[in-house]
Structures are given as C-alpha cells and as structure tokens.
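Trainee: Okay, sequence plus prediction incoming.
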Amino acid sequence: MTVREVEHCDHRARPPAAEVYRLIAEVENWPRVFPPTIYVDQVERGTPGETGVSEERIRIWATANGTAKNWTSRRTLDPQALRITFRQEVSAPPVAAMGGTWIIEPLAADESRIRLLHDYRAIDDDPDSLKWIDEAVDRNSRSELAALKTNVELAHATEEVTFSFEDTVRINGSAKDVYDFIDEADKWEERLPHVASVRLEEISPGLQILEMDTRTKDGHTHTTKFYRVCFSHQKIAYKQVTLPALMTLHTGYWTFTENEDGVTASSQHTVVLNTENITRYLGPDAGIAEAREHVQTALSANSRATLGLAKDYAEQQQR
C-alpha cells in the first residue's frame, strides 16, 4: 500500500491567525473562499467541549483536474490550537483514502503561517491514479492557499463589494412541482423567455453542469455556466463559473419550503463585484453603488421571472 504525505505552506499571510482559522472553519463560506469548491453541506455538527474542540461531518462538492466530484469528510476543529484535521469518510474514485490537517501558526500580531498537510492513497495503488491525485492535490492546495491568503487579506476591503439578496414568492402548490420546474433546466428554453438555449448534463445523481445562453434587455445574448447541487424537492445550490464583467464571484441557491399554506420558494444570490470594470461598463461617473444596483436588478429580474413561471406551473399542476 502506497501512502503519499505532502505539505503545502504559505508564509505570506498577513492577517491575524484567528481570522485565518475562522475562514477555514466556516465551511459555508468555502464556495466564496476556495475556487474549486462548488458547495458544502454541513451534515452533522457536534457541541464544543470544555476545551472548545468540536467535531462535524460535511459533504463537499468540488472540481479536481477539471472534473466535478463529491465526498464526505469528518473534521475536528480546535480553535485554541488553531488546527483543523479532516478525514474523508467516502472518497471519490480514484482516491481510496484521504485526510490531512490545516495548521495556522501565529508569527506576529497581524501575520501567520498556513500549513496544509495531506495523506492519501489510490485505489489498488494504481500508479496512473496516484499521479492524477498528486496533480489534483497540488493544484487544489496551491489554489486554496492562494485564495485563502487573498480572501483573508482583502476581507475588510471587499465588504463593500460583497453582498447578498433574496427574492421570494408564495405558491399554492407542492414543493415537488416547484422544485421540478427549477431542476428540469433542460426545458428552460421552452419555459423561460430570457433563455435562448440550454445544455444540461447530470454528472452524477444530484450534480449538474448547466450552460445556457440568456437574452439581455437590449437583445444581446451571453453564455453562462454553472455547477448545480440538487437536494430533491428542497434546495438547489449553484456556483457560476463563467462570470460577466461586473462580477468576480456569483453563488446562490433555490429553496422550496412546504407548509400548510403551500410553498415558499426563494432565490438567493451572493455576489462580489469586479470594481475594475465598473466605469468601463457603466460609465465614468459610476461607482460601487451603481454597480450593485445594476447587478442586483439584472439578477433579481431573472429570478423573479423564473419564480413567477415556476409558480404558474406548480399551481396549474395543483389544479
């Protein structure tokens, strides 16, 4: 049995070690912090003990060497030692087993050293598979460390250009019918006026690649690509990987909550603006406020239109 042990370090992180630890510990932020991460679902969360140490179980969807995969891991969080260990419970082929540790070492009041350790082995010790894992771990580790450094150091600077919003409708129907309308994106070309064409691929159950050409108000079309993670009749989370000029990040989710009055369906967006392109696309006098309004208006218009048509569909099915 061949077990690889590798270490990646980044000596350049300037913020306090506690802030670095927080970003790694809070997995709900990973799609924004780590480029390969599509979505993280916190399956179980333990209660911290007297020392503050706690355990949790998470399911991760991420890209590796250009391929989207998912796996389940257990983590032990130690905020006092600034250390997080992880071990995959269910690994995705060709990985047979994988684990590791994040170690944050304070160097000064506003400086820290980040170490990321991995150990892993390939199914049947296949040399080609081991080489593939080597490359994926190296690429993702370097990407994660670089992104972590960037996001921590710019956390305060980007507060103004990072924002979230949500649109919600009440529907007299079933969550299943509303979910099906959003899930069946391959039918959006027929169902949604702003969609010119669509290509939907289901990589594995619940994991999709959605690529579509959408029409803007001025008649132009642009191509967008998303990874989507689908939880049947409850939620569809996504991460956009081809971004328009005014955004450096766009993630979100659709949720479907059934109650005695019908269904509450929501579309949530989280956006980071690309400040370098604001004046180029919105004019020399435009600033962050104008860019936020422009982006939110465009995304909300599409969300509300889609939710409205999903409402019509679900209520027709109900009748």
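Mentor: That came in fine, so what should we check first?
Trainee: was I right about residue 118 contacting residue 95?
Mentor: No. Contact criterion C-beta atoms under 8 Å: residue 118 and residue 95 do not qualify, at 10.7 Å. Quick note: C-beta positions are derived from backbone N, CA and C, even for glycine.
Trainee: longest helix of this structure?
Mentor: Ranked by number of residues, the top helix in the chain under DSSP state H is helix 288-318.
Trainee: Please name the residues that touch residue 258.
Mentor: The contact partners of residue 258, taken as C-beta atoms under 8 Å, 6 or more residues apart in numbering, are 174-175.
Trainee: Surely it forms part of a strand?
Mentor: Yes. The assignment for residue 258 (DSSP: H, G, I helix; E, B strand; the rest coil) places it in a strand.
Trainee: partner residues bridging it?
Mentor: residue 263 (DSSP bridges).
Trainee: can you count the residues close to residue 160?
Mentor: For residue 160, the count of nearby residues is 12 (other C-beta atoms under 10 Å).
Trainee: in the stretch 151-300 of the chain, which ranges drop under the pLDDT threshold?
Mentor: By pLDDT under 70, the weakly predicted segments of the stretch 151-300 of the chain are 154-158.
Trainee: show me where it has helices.
Mentor: When assigned using DSSP state H, counting those that start in this stretch, the helices of the stretch 151-300 of the chain occupy the ranges 175-183, 188-191, 278-282, 288-318.
Trainee: Which one, of those helices, ends up nearest to residue 224?
Mentor: helix 288-318 (10.1 Å; C-beta to C-beta).
Trainee: what packs against the closest one?
Mentor: Applying 3 or more C-beta pairs under 8 Å, 6 or more residues apart in numbering; DSSP states H and E, one finds that helix 288-318 contacts strand 162-171, helix 175-183, strand 262-273, helix 278-282.
Trainee: Residue 311 is in contact with residue 168, isn't it?
Mentor: No. Assessed by C-beta under 8 Å, residue 311 is found out of contact with residue 168, at 11.1 Å.
Trainee: Could you list the domains of the chain?
Mentor: Domains of the chain are assigned by automatic domain parsing as 4-153, 159-318.
Trainee: which stretches of the stretch 1-150 of the chain form helices?
Mentor: Under DSSP H, counting those that start in this stretch, the stretch 1-150 of the chain gives helices at 17-25, 30-33, 127-153.
Trainee: got JSON lines for those helices, with distance to residue 85 and mean neighbour count too?
Mentor: Converted to JSON lines, those look like this (distance: least, C-beta to C-beta, whole Å; neighbours: other C-beta atoms under 10 Å):
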{"stretch": "helix 17-25", "distance to residue 85": "12", "mean neighbour count": "19"}
{"stretch": "helix 30-33", "distance to residue 85": "17", "mean neighbour count": "20"}
{"stretch": "helix 127-153", "distance to residue 85": "16", "mean neighbour count": "17"}
